[in-house]
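> mind folding the following:
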Amino acid sequence: MDVTVYFKKIMRNFSRYNKYTLGSELGEKSRQIVEMTNKANSTKDRLPLLLELSQRLEGLKMLIRICKEVKAIYQSKDGKRNGLFLFDIAAMFVKD
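Next up is the predicted model:
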């Protein structure tokens with residue numbers, strides 16, 4: 001669930017247009033990934049779910065790139081970011 005909360009925090013800084021287009025899609029995709037991860041963790045036959053999860057993660061990565069391209073995710077001149085850090089997101093999925 002950390003990833004969904006993380007996206008919600010970032011979307012607060014999106015412009016109104018991007019919040020309702022790209023932001024809503026980010027929120028939806030992240031929720032789907034969390035749900036699918038939980039489902040895969042609770043079943044013995046994980047391979048089909050993990051393959052689908054991999055495809056959805058690729059879709060999320062593509063959406064993050066689009067957000068970056070349209071400058072919904074940016075770094076300001078003072079060095080502060082409103083944006084995503086892929087390392088942070090990856091850390092949410094890979095826990096020790």
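> and stretch 35-46, C-alpha only, in CSV?
Output of stretch 35-46 as CSV, limited to C-alpha atoms (Å, rounded to 0.1, in the frame of the first residue of the first chain):
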residue,chain,number,x,y,z
GLU,A,35,-4.1,-5.8,-5.1
MET,A,36,-2.4,-8.2,-7.5
THR,A,37,0.7,-8.4,-5.2
ASN,A,38,-1.5,-9.3,-2.3
LYS,A,39,-3.3,-11.9,-4.4
ALA,A,40,-0.1,-13.5,-5.6
ASN,A,41,1.2,-13.7,-2.0
SER,A,42,-1.9,-15.6,-0.9
THR,A,43,-1.9,-18.3,-3.7
LYS,A,44,0.2,-21.3,-4.4
ASP,A,45,0.1,-21.0,-8.2
ARG,A,46,1.8,-17.6,-8.4
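> could you pull out the buried residues of that stretch?
For stretch 35-46, burial by neighbour count (16 or more other CB atoms under 10 Å) applies to 36-37, 40. Using the backbone N, CA and C atoms, a C-beta is placed for each residue, glycine as well.
> now do stretch 42-59
49, 53, 57.
> mind putting the residues you listed in CSV, pLDDT, distance to residue 2 and secondary structure included?
Compiled in CSV, these are given as follows (pLDDT from 0 to 100; distance: CB to CB, whole Å; DSSP: H, G, I helix; E, B strand; the rest coil):
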residue, pLDDT, distance to residue 2, secondary structure
49, 93, 20, helix
53, 92, 16, helix
57, 90, 15, helix
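> next up, the contacts around the residue found closest to residue 18 once you drop the neighbours it is linked to in the chain.
Take residue 18 and drop its neighbours on the chain: the residue closest to it by CB to CB, 6 or more residues apart in numbering is residue 72, 4.1 Å away. Contacts for residue 72 (CB atoms under 8 Å, 6 or more residues apart in numbering) come out as 14-15, 18, 22-23.
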